[in-house]
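Novice: Let's see this in three dimensions:
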Amino acid sequence: MLGIDTKARDGRAVVSKGNPDTASNVAVQVPGTANDLNNVDKQIERVDRLQKASRQRGGDSTAVVSWLGYDAPEVDGSMFTTGRADAGAGDLRSFTHGLRESHTGERAHMTVLGHSYGSTVVGDAAAHSNGIDADDVVVVGSPGMSVDHAKDLQMDPNHVWAGWAPDDVVSTVASNKTLGENPADQDFGGKVFEVDTEGHGGYWDQGSESLANQGRIIAGMPPRPGEYRVPPEPSPPGTTGPKW
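Specialist: Have a look, this model is predicted:
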């Protein structure tokens, strides 16, 4: 347990599997909409799977942190604006730079991951001030990272990775609306890794290529490439909305 606050709105919890001060590979997982202290056990399960996936692919010395260090949006209008991301971005920057300062030995390979609105927080934090000092950024099920291009994240775009499931409506429908361009689109300028899971919450399914690829990135290895999302066609004249 790296930090807990039961008084701040829905609460805060920062929990690590492994010691981030000594691990050679350090990852920070930022959850998205509707996460609070009531379901932090689910987030701990996800970081446990990520740590194991990294270790299975050579990252024997790996620590993965579940960072619920911001007030995640509820399922309401707050998830369609960058307000919560703007409020939490500074704390995420401080946390990742703090990990750099407290780490002993050689510089760790650091990966910052964001799911759903968590990817918006990661993008907001990376794009401003002194960034997040990550070696790799991974987003899954992203509605947008608050920026239009990977180059805006103050890091090598070749180390900005996106995963998306074809039936994940957040990645296929909600993105490109109010929270920035879809990071799974080729025009965004990042990279896409293979996902073989379904829905918005399946990216950590046991035995999946999606989980394995995230483990590879955390361990400093390239993932298996995936296909970029194809943006929807413009609506024909006289119709409403895009052709999904």
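
Novice: Residue 198 - that's part of a strand, no?
Specialist: No. Read with DSSP: H, G, I helix; E, B strand; the rest coil, residue 198 is coil and lies in no strand.

Novice: just checking, it touches residue 165?
Specialist: Yes. The pair formed by residue 198 and residue 165 meets the contact definition of C-beta atoms under 8 Å, at 5.7 Å. C-beta coordinates here come from the backbone N, C-alpha and C atoms, glycine included.

Novice: what about the closest residue to residue 70 other than its chain neighbours, neighbour count?
Specialist: For residue 70, ignoring the flanking residues on the chain, the nearest one in space by C-beta to C-beta, 6 or more residues apart in numbering is residue 88 at 2.7 Å. Burial of residue 88, expressed as a neighbour count using other C-beta atoms under 10 Å, amounts to 25.

Novice: quick one: what helix or strand has the residue nearest to residue 30 when sequence neighbours are not counted in it?
Specialist: In this structure, residue 30 finds its nearest non-sequential neighbour in residue 118, 3.7 Å apart by C-beta to C-beta, 6+ apart. Using DSSP states H and E, residue 118 sits within helix 117-127.

Novice: thinking again about what came up before, name all residues that make contact with the residue nearest to residue 30.
Specialist: Residue 118 makes contact with 29-32, 72, according to C-beta atoms under 8 Å, 6 or more residues apart in numbering.

Novice: Out of these, who's the most crowded?
Specialist: Neighbour tally across the contacts of residue 118 (other C-beta under 10 Å): the maximum, 30 neighbours, falls on residue 30.

Novice: So it sits against residue 122, correct?
Specialist: Yes. Counting by C-beta under 8 Å, residue 122 is a contact partner of residue 30 at 5.5 Å.

Novice: shared neighbours, those two?
Specialist: In terms of C-beta under 8 Å, 6+ apart, residue 30 and residue 122 are both contacted by the residues 92, 112-114.

Novice: Looking at those, which are in helices?
Specialist: The subset of the shared contacts of residue 30 and residue 122 located in helices under the criterion DSSP state H comprises residue 92.

Novice: Show me which of the shared contacts of residue 30 and residue 122 are buried.
Specialist: 92, 112-114 (16 or more other C-beta atoms under 10 Å).
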